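*Asks:* With the sequence up front, the predicted model follows.
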Amino acid sequence: MVGGTAAAPDRMAVFKFCALTLTWSASFMLTTITLQELSVGLATMTRTLLATAVLWAVLLLRRTPLPRLPRVYAHMAVVGLLNITIPLTAFSYGQLFVASAEAAMFNAATPLLVVGWSVLLRLRRTTWREIALLGIAFGGVLLVLRIHEFASLDPSLRGGQLACLAAVLSISISLVYIDRFVRPYRVDTSVLATLMVSAGAIGACATMPFLGLELRTGTISPHTIVALLVIGAITSGLNHIWNLDLIQAWGPTAASTMSYLIPIGALLLGTVFLHERLTWVQLVGAAIVVASVVVFGQLSRRRTAR
């Protein structure tokens, strides 16, 4: 009976892991589609408001009680800024200039950045092998940045790449923050997701005077509406409940390993539907990052088994 009880949650966690990977892979392509007709500010604000509405609807349907401790709200305000407002705005700006698959490749560095922050803050012990992997993965990120020709790149392209890198740094900090300050409260994950996205939406609305609300083409086409609904209701909404479920069940490092599958899916989708092409140097860099994440995951599991 005990074995059956343990197996069911594990199967559900694996299902959520796969669903998150698939939908977040598509989110980079869908973001590029929305930015063809919407400004960065309008796309980010609409996306986060849609997500907020969906998540509050989930809470009402479940009749989930809200936490009573004010410090939980304070922590989730920080997480909303780091995990929603900053990365969504930065990725959207970056994808004005870089391919959707390239943005996803930066995202693949998330789990290793989580480890890097954890080591710097002395939240986990590490070995020389793991430190070496962090260095190798950093080299892969530099290749994705096309560091060998970075100075000669168009300034807007450089800005787009740096914006994507800033988004990933912010996400990695938020995951460590959640594990350190939010996880101990054991608040329902749907509540945490709702508070986080709500705070992120407030932040997105606050950036409107700086990012604008204009339509690039004057109208919104049906495929843009569909793309916006998907990245709003699902990838920025329901997915955050499942993502926080995984962080609480597996911890931030294990949960963030989906990032090495996301660029593969994003690359396939971007190539097939958006006809994007990346340089072989960038593909090599992405492969290095993905391989480093996979090896690091294996080392972490061996340490846990001991």
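*Replies:* Arrived safely.
*Asks:* Residue 141: what's its closest spatial neighbour, skipping adjacent residues?
*Replies:* If the residues on either side of it in the chain are set aside, residue 141 comes closest to residue 109, at 5.2 Å by Cβ to Cβ, 6 or more residues apart in numbering. Just so you know, the C-beta spots here come from the backbone N, C-alpha and C atoms, and that holds for glycine as well.
*Asks:* so that neighbour touches residue 169, yeah?
*Replies:* No: using Cβ atoms under 8 Å, residue 109 is not in contact with residue 169; the gap is 9.0 Å.
*Asks:* quick one: which of these two has more around it?
*Replies:* A side-by-side neighbour count of residue 109 and residue 169, using other Cβ atoms under 10 Å, places residue 109 first with 31 against 20.
*Asks:* how close does the residue nearest to residue 141 sit to residue 255?
*Replies:* From residue 109 over to residue 255 the distance is 15 Å, taken as Cβ to Cβ, to the nearest Å.
*Asks:* what do you get for residue 156?
*Replies:* 34 Å.
*Asks:* just residue 23 next, same as before
*Replies:* Relative to residue 255, residue 23 is positioned 15 Å away (Cβ to Cβ).
*Asks:* Neighbour count for the two, which is higher?
*Replies:* Between residue 23 and residue 255, counting by other Cβ under 10 Å, residue 255 is the more crowded of the two (27 against 19).
*Asks:* For the helix or strand where residue 271 lies, list every residue counted as buried.
*Replies:* Using DSSP states H and E, residue 271 sits within helix 262-273. The neighbour-count check on helix 262-273 (16 or more other Cβ atoms under 10 Å) flags 262-267, 269-271 as buried.
*Asks:* And the first helix or strand past that helix going along the chain, what does it pack against?
*Replies:* With elements assigned by DSSP H and E, the helix or strand that comes after helix 262-273 is helix 280-305. When contacts are defined as 3 or more Cβ pairs under 8 Å, 6 or more residues apart in numbering; DSSP states H and E, helix 280-305 packs onto helix 100-107, helix 110-120, helix 128-144, helix 252-255, helix 262-273.
*Asks:* what angle sits between helix 280-305 and helix 128-144?
*Replies:* 160 degrees (axes from the mean of the first three to the mean of the last three Cα atoms, to 10 degrees).
*Asks:* how distant is helix 280-305 from the center of its chain?
*Replies:* From the chain centre to the centre of helix 280-305 is a distance of 18 Å (Cα atoms, centre = their mean, to the nearest Å).
*Asks:* neighbours of residue 170, just the number please.
*Replies:* Residues contacting residue 170 under the criterion other Cβ under 10 Å number 21.
*Asks:* One more: residue 77?
*Replies:* By other Cβ under 10 Å, 17 other residues sit near residue 77.
*Asks:* Leaving out sequence neighbours, find the closest residue to it.
*Replies:* Nearest non-adjacent residue to residue 77, counting by Cβ to Cβ, 6+ apart: residue 199, 4.6 Å away.
*Asks:* do the same with residue 241
*Replies:* residue 193 (4.4 Å).
*Asks:* do residue 13 as well
*Replies:* In space, and not counting its chain neighbours, residue 13 is closest to residue 249: 5.2 Å by Cβ to Cβ, 6+ apart.
*Asks:* which SSE is the one you found in?
*Replies:* Applying DSSP H and E as the criterion places residue 249 in helix 239-250.
*Asks:* quick check, residue 197 in a helix?
*Replies:* Yes: assessed by DSSP: H, G, I helix; E, B strand; the rest coil, residue 197 belongs to a helix.
*Asks:* Now do the contacts for it.
*Replies:* For residue 197, the contacting residues are 48, 51-52, 55, 80, 84, 236-237, 240, by Cβ atoms under 8 Å, 6 or more residues apart in numbering.
*Asks:* which one of those residues is nearest residue 278?
*Replies:* Closest approach between the contacts of residue 197 and residue 278, by Cβ to Cβ: residue 236, at 25.3 Å.
*Asks:* So that closest one versus residue 31, what's the distance?
*Replies:* 10 Å.
*Asks:* do residue 91 as well
*Replies:* Going from residue 91 to residue 31 by Cβ to Cβ gives 7 Å.
*Asks:* Hmm, residue 167 and residue 113 touching each other?
*Replies:* No: with contact defined as Cβ under 8 Å, residue 113 does not reach residue 167; the gap is 11.2 Å.
*Asks:* Under a three-state scheme, what state does the residue most central in space within the chain occupy?
*Replies:* Centroid-nearest residue in the chain: residue 171, 6.1 Å away (criterion: Cα atoms, centre = their mean). Under the three-state scheme (three-state DSSP), residue 171 adopts helix.
*Asks:* Can you tell me the closest non-neighbouring residue to it?
*Replies:* residue 87 (5.0 Å).
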